[in-house]
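Asks: below is the structure, and that's it, no one-letter string:
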């Protein structure tokens, strides 16, 4: 069962615009993100809980199988920089993280077809909590 997720109306609008663009419209690999958006609890940006991963948020996670911790920033596709810890929402990992809150876990299959299970430990920076509604 997938955890409940919360996204901002602003993130929803921007992501739906990207998914409707010709470059993404027919990409079946983005169906997971489309499904996540369809089931999300949508709130106004100023009403976002501070412990939710929104676009451009930075968060810490623990891989439950091995205990490794990671810190990543969830970004739009054009801003992705894996070496800098910036993961695109268009990747399976990115779409899985969108809308999760501290304490929730998510599981997905990585590119090597290995199941990964992560727990959100902290949202270390969130645009909405910082009053940055322009990001």
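Replies: Cool, got the structure. As the structure is a prediction and not an experimental result, all values here were calculated from the model.
Asks: please report how far the residue nearest in space to the middle of the chain lies from residue 22.
Replies: The chain has residue 98 as the residue nearest its centroid, 2.2 Å off, counting by C-alpha atoms, centre = their mean. Noted for residue 98: a distance of 23 Å to residue 22, by C-beta to C-beta, to the nearest Å. Quick note: C-beta positions are derived from backbone N, CA and C, even for glycine.
Asks: related to what we said a few turns ago, pLDDT at the residue nearest to the centre of the chain, what is it?
Replies: Residue 98 carries a pLDDT value of 96.
Asks: contacting residues for it?
Replies: 5, 7, 11, 33, 36, 53, 54, 55, 74, 89 (C-beta atoms under 8 Å, 6 or more residues apart in numbering).
Asks: make sure the last one is actually in contact with residue 95.
Replies: Yes: A contact is recorded between residue 89 and residue 95 when judged using C-beta atoms under 8 Å, the distance being 5.8 Å.
Asks: give the intersection of the neighbour lists for those two.
Replies: residue 33.
Asks: quick one: buried residues of the helix or strand of the chain with the lowest mean pLDDT?
Replies: Among the helical and strand segments of the chain, the one scoring lowest on mean pLDDT, DSSP states H and E is strand 105-109, with a mean of 84. Of all the residues in strand 105-109, those buried under the rule 16 or more other C-beta atoms under 10 Å are 106, 108.
Asks: do stretch 20-31 as well
Replies: Going by 16+ other C-beta under 10 Å, stretch 20-31 has these buried residues: 24, 30.
Asks: end to end, how far does that stretch reach?
Replies: End-to-end distance of stretch 20-31 (C-alpha to C-alpha, to the nearest Å): 12 Å.
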